[in-house]
Every structure is written in C-alpha cells, then in structure tokens.
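Novice: Predicted model and sequence below, questions to follow.
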Amino acid sequence: MTTVGYGDFFPKSNPSRIVGIICSFYGVYLVSLFVITLENLLRFDQSESRSYELISRLEDKEELKLQAVNVITSAFRHKRAKRKSEQADDGKDRKKMVLNKLKVFRKYLMNFKQIAKSIRGNYGMESPEDRVRREIDDLRNSIAELHSSIRGLSEHFEVEVIERKPTNAGIYQKGSTDDDSSDPKKE
C-alpha cells in the first residue's frame, strides 16, 4: 500500500503500472488520514489544556514550598552552627562544619531560585525583553550576594581579599580603583 518492498514483485505492463501508482497514492492517503486522526484525538482541547496548566502550576508551587522549607531549615542550621562555632572556638572542625552548612544553604537557595524562575516562565506574562532584563538583574543580584558572602567569609576567617574592578574592556585588573586616571571617560 505504501510502495515499501524489495522489488521482487512489480507490474510489467503499462495498465498494471497505472493501477500500482493509484494504489500507492491511495495507501499514502490512508496512512496520512490515520496519522491526522490520531493526532487530533491526542491533542488537548481548550479546557483540557487549561486543566493541565493549572495542575502543573499547582505541582510547581508545591515543589517551591518544599524548596522554601529546605532553604529556611538550612539557613537555621547554618546560623545555629555559626553560633556554636563562635561560642566553642574549637578551631578548624567547627569552621568546616559552618562552611558545610553554608554550602548546603546555597545549594537549596539556588534550587529555590531555579524553580521560582521556571514558575515565572510558565506563566508567560512577560515579554522576552522583560524576561532578559529580569534575568540580567537576577545575575547582578547574585553576583552582589556572592561578593558580600565572600567578604563575610574573609572577615570570619580573617583572610585578606583582593578587590578587582573591571576596566573599560571588561578585563579585571588587580588593584584598580574607580578613581584611576587612565579612565578615558573622565578625561
């Protein structure tokens, strides 16, 4: 019906070839009709798609709640471990425990942010430009949070951190400041 074969049987006269061509076109037509019917049966109608979206949003919100609980719990554990390390002052083991708790907290926080971002993306309320602006702002906030946490850790462990600022070309230079005279914008 769909002209699939090894070629060991084939029509030899012109009228039988015409009948074979008609049969092959009819077979392709029947298969395509079957595929279209099956696709229409499996496609959601409007109410089904709304129901599916609602269920997926509810599942996402439940996942977001679980991740929020994980973030809050890990933040509490980190704070408790930090308090204990300040009181006990045992040394490296306590500091490692505090750092471990901080790593767990950051992991849960990043998971929480990713799920929140995917939920915002599922609602489809933003234009692509707004989404890109928001993601850039999120990245800037994440970078600022990382800088502040690095400063906090360096103060906690009494380590000196060398600040690096971007130049005009976006390359970081050691020890450059905002009041450099090499900045062409200020000349």
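Specialist: Here it is on my side, so go on.

Novice: Can you name the element that comes right after the helix or strand where S49 lies?
Specialist: Secondary-structure element containing S49, defined by DSSP states H and E: helix 46-88. With elements assigned by DSSP H and E, the helix or strand that comes after helix 46-88 is helix 92-123.

Novice: buried ones in that next one?
Specialist: Applying a neighbour-count criterion of 16 or more other Cβ atoms under 10 Å, the buried positions in helix 92-123 are 94-95, 97-99, 101-102, 104-106, 108-109, 111-112, 115. All C-beta spots, glycine's among them, are computed from the backbone N, C-alpha and C.

Novice: That one - contacts with which helices or strands?
Specialist: The contact analysis (3 or more Cβ pairs under 8 Å, 6 or more residues apart in numbering; DSSP states H and E) places helix 92-123 against helix 46-88, helix 128-156.

Novice: where does the protein have low pLDDT?
Specialist: Within the chain, the ranges that satisfy pLDDT under 70 run 1-5, 88-91, 121-128, 161-187.

Novice: In the protein, which residue is most central in space?
Specialist: To find the centre residue of the chain, average its C-alpha atoms and take the closest one (Cα atoms, centre = their mean): that gives Q114, at 5.5 Å.

Novice: tell me the contacts of that residue?
Specialist: Contacts were defined as Cβ atoms under 8 Å, 6 or more residues apart in numbering; by that measure Q114 touches no other residue.
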